[in-house]
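1. Below are the sequence and a predicted model for it; my questions follow.
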Amino acid sequence: MTTREIVILPDSVLRQKCLPIEEVDDEVRKLADDMLETMYAAPGIGLAASQIGVLKRIFVMDVAERAEGEEDKKEPMVFINPEITWFSEEKAPYQEGCLSIPDVYEEVERPTAITVKYLDRDGKQCELNANGLMATCIQHELDHLDGVLFIDYLSRLKKGRIMKKFQKAAKIRA
């Protein structure tokens, strides 16, 4: 497993739509393993392939609740070619952050429950009903696969301030 570099806003790869994965093979499983290692090292609870510069429809996450003393407990999940098939009408705000937009946290309103179809790391078709943090994380990561960022749900003013801050930082890094 390899820790990959996380792409940071305003990199244009974050705005590109990812392509479906044709076959779940060893290369895809290696990508999933690298993504999980990168996510845990960051540390984060979710990571989409586009966040490491790979335009494939895959994301990983781990939203396991950990009791005190269980900090090392891991429940990684791999979602290949995910598709949300149902959204609840009820929505709720949740404080979101993103490894590609470090140190920015804003409230985003999303459906509180969803159903998602996907392939797991073995290529097996799965369906999952999710709510709460898991539903929010799935929606956030699936947005990445379509080139959408959580800041796109904010007011134009807030989004503009964040974009300006990261564009300025990118110039300094260049």
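-> Done, it's in. Numbers count the residues shown, from 1 in each chain.

2. Where does the most centrally placed residue in the chain sit, in terms of helix or strand?
-> The structure's the chain has its C-alpha centroid closest to E141; by Cα atoms, centre = their mean the separation is 2.8 Å. Using DSSP states H and E, E141 sits in helix 132-145.

3. can I assume I138 is in contact with M61?
-> Yes: I138 lies in contact with M61 (Cβ atoms under 8 Å); the separation is 7.2 Å. For the C-beta atoms, the positions are set from N, CA and C on the backbone; glycine is no exception.

4. anything in contact with each of those two?
-> F79 (Cβ atoms under 8 Å, 6 or more residues apart in numbering).

5. before we move on, the earlier item: so the residue nearest to the centre of the chain touches A48, yeah?
-> Yes: assessed by Cβ under 8 Å, E141 is found in contact with A48 at 4.9 Å.

6. Overlap of the contact sets of these two?
-> Common neighbours of E141 and A48 (Cβ under 8 Å, 6+ apart) are F59.

7. and the gap between C98 and V7?
-> The span separating C98 from V7 equals 11 Å under the rule Cβ to Cβ, to the nearest Å.

8. Could you check which of the two is surrounded by more residues?
-> Neighbour tally, C98 and V7, criterion other Cβ atoms under 10 Å: the higher count belongs to C98, 25 against 18.

9. Now do the same contact list for that one.
-> Listed by Cβ under 8 Å, 6+ apart, the contact set of C98 reads V104, H140, L149, F150.

10. Can you pick out the most distant pair from those residues?
-> Spatial extent of the contacts of C98 (Cβ to Cβ) is set by the pair V104 and H140 at 13.1 Å.

11. Wasn't Q167 part of a helix?
-> Yes: assessed with DSSP: H, G, I helix; E, B strand; the rest coil, Q167 lies in a helix.
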